[in-house]
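**Q** 3D model of this:
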Amino acid sequence: MTYAFDPEIAAAIPMLPATDLTDLATARSMLNEAVAELYGDIDTTGVTIREEFVPGPEDAPDVRVRIYTPERVAAPAAILDVHGGGFIVGDLEIDHASNVGLARDLGVVVVSVDYRLAPEAPFPAGLEDCYAALVWTAKHADELGVDPARIVIHGESAGGGLCAALALLARDRGGPSIAFQFLGIPELDDRLETPSMRAFVDTPLWNRPRAELSWDHYLGAGVRGTENVPVHAAPARATDLTGLPPAYISTMQFDPLRDEGIAYAQALLAAGVTVELHLFPGTFHGSAIVEHAKISKREAAERLAVLARVLGVEPA
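**A** Numbers count the residues shown, from 1 in each chain. Alright, predicted model coming up:
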């Protein structure tokens, strides 16, 4: 299928890393190498970085988190970051450069969570790890210099889907307060029935075959699309979205996840939740990796502006 990609992004497609997600061990290794090559030595000036293992879910291992503390503190607020990777690949390194930038530019603490991956640890393992990190962040707010009422959750792709699920889980459990949910290109719906999901079977980086594999690993073979999938696994299935925190949702024009992101924004609005929705033209899932493209720069600038607004800070 031919796609009307933004010309700057289209020119970079042949140089994008090609990974085979059917071989997860190799895919994970290749992703780590690609991230290291893409970002190189990261300038961490102005940010102190440390790691801790925080109490995990019941009968589960402790959860590794990486904490980014800026020298310039603009507000007693925090961002809980959840990395992407289709629930099956990725670790703290994926968002490391981004989190250094967020902490330094916004002047707030960033906590990044290294949740367990499927298929070795299927749902709800990863989500429970994220919830454990949220609980720890709220419980240690004084130590972190954070107001527990000013915690923002932030994630892209599967990380965005996990953040949407985390907001639901925190509401349903009466857990820590979440001030805002930033859902970048979120993976929300295991049913895979939207027009964009049906149409985009060969798009770069993410497409329908990869979505099928992702959900099969996360939920277990034969589960996706059935009546047995809980809303905390696939937030698009939720019928009660009342009482959730305000949200920002980004979508990409040629992303199979596009329509489920738009539908979730509409459902939140219908439930009385304040939502900002943005569709970036000429883009595909993860096309922000082409950082020099003007549309990617717009996407990055908007993310910073949205987070600055909800955190009540002026970006550096």
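
**Q** got the residue ranges for the strands in the protein?
**A** Secondary structure of the chain (DSSP state E): strands at 47-54, 63-70, 78-82, 109-114, 151-156, 180-184, 247-252, 275-280.

**Q** With distance to Leu21 added, can I get the ones you listed in a markdown table?
**A** Quick note: C-beta positions are derived from backbone N, CA and C, even for glycine. Converted to a markdown table, the strands of the chain look like this (distance: least, Cβ to Cβ, whole Å):
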| stretch | distance to Leu21 |
| --- | --- |
| strand 47-54 | 28 |
| strand 63-70 | 23 |
| strand 78-82 | 19 |
| strand 109-114 | 20 |
| strand 151-156 | 17 |
| strand 180-184 | 20 |
| strand 247-252 | 19 |
| strand 275-280 | 24 |
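
**Q** now these in CSV, with mean neighbour count and mean pLDDT?
**A** Formatted as CSV, the strands of the chain follow (neighbours: other Cβ atoms under 10 Å; pLDDT from 0 to 100):
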stretch, mean neighbour count, mean pLDDT
strand 47-54, 14, 98
strand 63-70, 21, 98
strand 78-82, 28, 98
strand 109-114, 25, 98
strand 151-156, 27, 98
strand 180-184, 26, 99
strand 247-252, 25, 98
strand 275-280, 18, 98
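
**Q** Figure out how far the worst-scoring helix or strand of the chain on mean pLDDT is from the centre of its chain.
**A** Each helix and strand of the chain was given a mean pLDDT (mean pLDDT, DSSP states H and E); the minimum falls on helix 24-39 at a mean of 90. Centroid separation for helix 24-39 versus its chain: 18 Å, with Cα atoms, centre = their mean, to the nearest Å.

**Q** next one: stretch 159-168
**A** Relative to the centre of its chain, stretch 159-168 is centred 8 Å away, using Cα atoms, centre = their mean.

**Q** Residues contacting the longest helix anywhere in the chain, please?
**A** Longest helix in the chain by number of residues (criterion: DSSP state H): helix 294-311. With Cβ atoms under 8 Å, 6 or more residues apart in numbering as the test, helix 294-311 has contacts from 6, 8-9, 74-75, 77, 79, 102, 105-106, 108, 150, 152, 154, 179-180, 182, 184, 246, 248, 250, 276, 278, 280-283, 287-291, 314-315.
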